[in-house]
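K.L.:
Turn this into a model:
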Amino acid sequence: MRPFHLAFPVDDLQATEQFYVGLLGCAVGRRTERSINLNFHGHQIVAHLVERMPDDGDTGRVDGRHVPPFHFGLIMEWNEWHTFRDQLLTNGTVFRLKPHVRYRGQIGEQSTLFIDDPSGNALEFKSFQDESRLFAASTGEEYLPSGGAL
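P.N.:
A predicted model of the protein is given here:
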């Protein structure tokens with residue numbers, strides 16, 4: 001799989017670096033006075049300093065819970081997610097959406113949690129016990145890039 005690139009706004013570069021490097025284990029790449037390039041588990045994310053954070057708008061609903069419409073994150077290996085969750089709990093991290101199981105007993109069942117970075121950007125970390133269900137449709141058919149089913 002090819003790495004993705006995501007640019008996002010922040011209102012404090014120093015606090016952003018402390019959060020992404022200190023809490024999430026990212027490595028810093030290029031930086032300027034107004035941006036920081038981070039290695040987010042093999043993906044390139046770039047924090048751009050803005051004067052004012054954009055309004056994140058209304059929250060959507062996913063499996064009966066309010067979820068921010070703009071968010072990004074990682075799909076982690078099952079045990080890695082649980083270790084990460086435990087580290088966040090031990091550190092007293094404030095959750096936007098506490099760790100829980102979404103779609104319990106359904107095809108898309110997953111463990112998930114949301115945290116905010118220092119600028120209020122929402123990050124989701126989730127994991128599937130059965131990673132082959134990542135793109136599964138509710139009909140039980142597997143997603144294929146061509147649009148067909150297995």
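
K.L.:
can you give me the strands in the chain?
P.N.:
Under the criterion DSSP state E, strands of the chain are mapped to 5-10, 27-31, 35-40, 43-49, 60-62, 65-67, 71-75, 95-102, 110-116, 122-127.

K.L.:
which stretch in those strands has the least confidence?
P.N.:
Ranked by mean pLDDT, the strands of the chain bottom out at strand 60-62, with a mean of 77.

K.L.:
Could you list every helix and strand in contact with that one?
P.N.:
Counting contacts by 3 or more C-beta pairs under 8 Å, 6 or more residues apart in numbering; DSSP states H and E, strand 60-62 packs against strand 65-67. The C-beta positions use only the backbone N, C-alpha and C, and glycine is treated the same way.

K.L.:
buried stuff in the strand it packs on?
P.N.:
Val67 (16 or more other C-beta atoms under 10 Å).

K.L.:
Likewise for stretch 32-40?
P.N.:
By 16+ other C-beta under 10 Å, the buried positions in stretch 32-40 come out as 36-40.

K.L.:
and the longest helix belonging to the chain with strand 122-127, angle?
P.N.:
In the chain, taking DSSP state H as the definition, the longest helix is helix 78-90. Computed with axes from the mean of the first three to the mean of the last three C-alpha atoms, to 10 degrees, the direction of helix 78-90 lies at 130 degrees from that of strand 122-127.

K.L.:
Many thanks, I have nothing further to ask.
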